[in-house]
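A.B. asks: Got a predicted model here, sequence first, then my questions.
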Amino acid sequence: MPGGYLSEPIDTGIWPPSAFWDWSVRTYAKPGVAEACLALQNRHGLDVNMLLFAVWAGNQGSILPESAIAEAIARVYRWHTGIVRPLRSLRHLLKADPHGVDPEQAAALRARISAIELDAEHIEQLAIADLLPAPDSNCAVSATQSNIAAYARVVALSWSEADRRHLATIVAAASRP
């Protein structure tokens, strides 16, 4: 999803059902969400899947303790830094420059890398989805805000005014069917 190239779920037959993934794909496709996620990712180097996890949990009425967020980050850290980020970097390299080969061939390879990156994101989400605690809030908005604040504390982020606008875009889109 953070690659910004998916508008509906891919069903390859190998993925187990995942409410988190399905919700993420629908939410990411809503107006402004991809741009907001990418802006936050580019500004802070954050893992968009972790941010989406915090928002999804809040939408379910679940408040994530900082320990659950830290556990989710730890669970996928090696995967995210060793697989997802290098795939994203390679995709960006090919977007900027075909590196001396036929541009159409480079674009075709970039599209395949995009699909693989998406699969890697899917695997990351499957690895953390089971950390969703039971709902404990009647207010999805306050649970979501609590989760975003907890995520920021865990990864030592301070949101700027522009970041808050991006977060508001994501939260508003996520709360709409």
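C.D. replies: Received, thanks. Numbering: from 1, shown residues only.

A.B. asks: where in this protein is pLDDT low?
C.D. replies: 1-12 (pLDDT under 70).

A.B. asks: What segments of it are helices?
C.D. replies: Along the chain, counting by DSSP state H, helices occupy 19-28, 33-44, 48-59, 66-79, 85-96, 103-128, 140-154, 161-175.

A.B. asks: Out of these, flag the one nearest A134.
C.D. replies: A134 lies closest to helix 48-59 among the helices of the chain, at 10.7 Å (C-beta to C-beta). In this view, the C-beta of every residue, glycine as well, is placed from N, C-alpha and C.

A.B. asks: Output that closest one as PDB, restricted to C-alpha atoms.
C.D. replies: Taking Å, rounded to 0.1, in the frame of the first residue of the first chain, the C-alpha atoms of helix 48-59 are listed here in PDB:
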ATOM      1  CA  VAL A  48       2.900   3.100   7.500                       C
ATOM      2  CA  ASN A  49       1.600  -0.400   8.400                       C
ATOM      3  CA  MET A  50       2.200   0.400  12.100                       C
ATOM      4  CA  LEU A  51       0.300   3.700  11.700                       C
ATOM      5  CA  LEU A  52      -2.500   1.900   9.900                       C
ATOM      6  CA  PHE A  53      -2.500  -0.700  12.700                       C
ATOM      7  CA  ALA A  54      -3.000   2.000  15.300                       C
ATOM      8  CA  VAL A  55      -5.800   3.500  13.300                       C
ATOM      9  CA  TRP A  56      -7.500   0.200  12.500                       C
ATOM     10  CA  ALA A  57      -7.300  -0.900  16.200                       C
ATOM     11  CA  GLY A  58      -8.900   2.400  17.200                       C
ATOM     12  CA  ASN A  59     -11.700   1.900  14.700                       C
END
